[in-house]
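>>> Fold the stuff below for me.
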Amino acid sequence: MNVLLISTQDVAGGAARAAYRLHKGLQNIDLQSQMLVQEKSTDDKTVIAPKIRLFQGIAKAKLTFETLPLKLYSQKQNSPFFIQWLPDRIIYQVAQINPDIINLHWISAAFMQIETLAKLKRPLVWTIHDMWAFTGGCSYAGDCSRYQISCGACPQLSSKKDGDLSHWVWQRKIKALKNLNLTIVSPGSWLAECAKSSSLFKNLRIEVIPNGLDTQKFKPVHQGLARELLNLPLDKQLILFGALDATNDSRKGFHYLQPALQELSKSGWKDKLEIVIFGASKPENPPELGFKTHYLGHLHDDISLATVYSAADVMLVPSLQESFGQTASESLACGTPVVAFNSTGLKDIVNHQQNGYLAKPYEVEDFAKGITWVLENEQRLQKLSFYARQKAEQEFTLELQAHRYSALFQEILIIANKSSFSN
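This next block holds a predicted model:
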């Protein structure tokens, strides 16, 4: 079986890393897997990207032209919104690779025109990493449920017109999806339920397959050694927070984390704890968190990430909406319990008071209580650490994920072959 994964990038960003990990997992179980991307960061020969400078330049220029229609919405919120209206070269590239089945991943950054889906002429499995695939352009809908109808009057565009840009994108998607051999895969149950309730995906097959990771790379490192390598204190308990652009992306919940930490500082923990933040460099005017804070900046390789997770006593993931929450699963794999809100994709990863703590959404006091509950009892912390690693080994290994995808691909191809034979 020849599988082609299509993703905007190979490893730059959480969705890209998830796709690339699956790509390697499929290869590890002897499937022929290749990856087609717009931007390549690895030197992996099985990842295919534009080599000719002209095409590389066109790809970068498309990012500028892609956003031109958004200029009509001067009051648009500062959140990702993708239109996918520019032509692409995907059909030519796919024809050269000639895969049996195509696994789409995150394709939202001016990589693939929506209308191209119908031209691929292969069975499609679309792994959704956010809500974009079934909305009129936004990556996360927040409190808006108009994706369940036909979008329009989009709050992220600050629009009150039913026939706005989001409705136009929705119309193009519903035409592109018509009569496709398309199966949806979600990494978590929350995103799957959102997809099922959407007007675009409500009649499609939707499966849940958690993101996998290499548990031989993401594994516990001796805490003292990890801290020495990172120049972190040995005599404090450390709480970790990490996300791409961690302190600026409101969806990641920093505005809930800050008051929770300040409350914790006032309750007798000030001299016992220090904070570690990765995914963001120290800003010129650092926010007051109530504790001494270490900013580690952006980390790009798995070994560095595993070292950071292992150095911490608890990982905090206060996201408002999360399709899965790879930082949470990575942390568990390294034996570090997680405190999160009991909402969205994190509910599939964190088992309340077994490998972490799920706070009531979005109660700052309960989030602070969760941090205290994890840290205040050393014996309990050791048990949480044990069950954290156990959860990762049982549910989040690359091998398990790859076998689940392989079984799904084989089933889809068998059905497709029977259908073509009968016709």
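>>> Give the residue spans of this structure that score low on pLDDT.
Judged against pLDDT under 70, the low-scoring parts of the chain cover residues 52-61, 243-249, 420-423.
>>> Tell me how it divides into domains.
As recorded under automatic domain parsing, the domains making up the chain are 2-212+398-422, 223-395.
>>> Out of those, which one sits most buried?
Comparing the domains of the chain by mean neighbour count (mean count of other Cβ atoms under 10 Å), domain 223-395 comes out on top with a mean of 19. C-beta coordinates here come from the backbone N, C-alpha and C atoms, glycine included.
>>> What separates the first and last residues of that one, distance-wise?
Criterion Cα to Cα, to the nearest Å; first-to-last residue distance in domain 223-395 is 24 Å.
>>> same thing with stretch 111-125?
Separation of the first and last residues of stretch 111-125 by Cα to Cα is 17 Å.
>>> which secondary structure elements does the helix or strand in which Leu22 is found contact?
Assignment of secondary structure by DSSP states H and E places Leu22 within helix 14-28. Applying 3 or more Cβ pairs under 8 Å, 6 or more residues apart in numbering; DSSP states H and E, we find helix 14-28 packed against strand 2-9, strand 32-39, strand 124-127, helix 326-333, helix 398-422.
>>> List the contacts of the longest one.
When contacts are taken as Cβ atoms under 8 Å, 6 or more residues apart in numbering, the neighbours of helix 398-422 outside the stretch itself are 1, 3, 21-22, 24-26, 28-29, 31, 100-101, 103, 123, 125, 181, 183, 185, 207, 209-215.
>>> Off-centre distance for stretch 342-356?
The gap between the average C-alpha position of stretch 342-356 and the chain average comes to 16 Å, counting by Cα atoms, centre = their mean, to the nearest Å.
>>> same check, this time on stretch 407-423
Relative to the chain's own centre, stretch 407-423 is displaced by 30 Å; criterion: Cα atoms, centre = their mean.
>>> How about stretch 405-423?
Mean C-alpha position of stretch 405-423 versus that of the full chain (Cα atoms, centre = their mean) differs by 28 Å.
>>> cool, and stretch 70-83?
Relative to where its chain is centred, stretch 70-83 has its mean C-alpha point 22 Å off (Cα atoms, centre = their mean).
>>> Equivalent analysis for stretch 307-323, please.
Averaged C-alpha coordinates place stretch 307-323 at 14 Å from its chain's average position (Cα atoms, centre = their mean).
>>> Kindly check the end-to-end length of it for me.
Across its full length, stretch 307-323 reaches 25 Å end to end, with Cα to Cα as the criterion.
>>> quick one: Gly370 is in a helix?
Yes - judged by DSSP: H, G, I helix; E, B strand; the rest coil, Gly370 forms part of a helix.
>>> so what's it up against?
Val339, Gly356, Tyr357, Leu358, Ala359.
>>> Pretty sure the third one sits in a helix.
No - the assignment for Tyr357 (three-state DSSP) gives strand, which keeps it out of a helix.
>>> re the thing from before, so for Leu177, which of the helices and strands packed on helix 14-28 sits nearest?
Evaluated over the helices and strands packed on helix 14-28, closeness to Leu177 peaks at strand 124-127, with 9.7 Å, by Cβ to Cβ.
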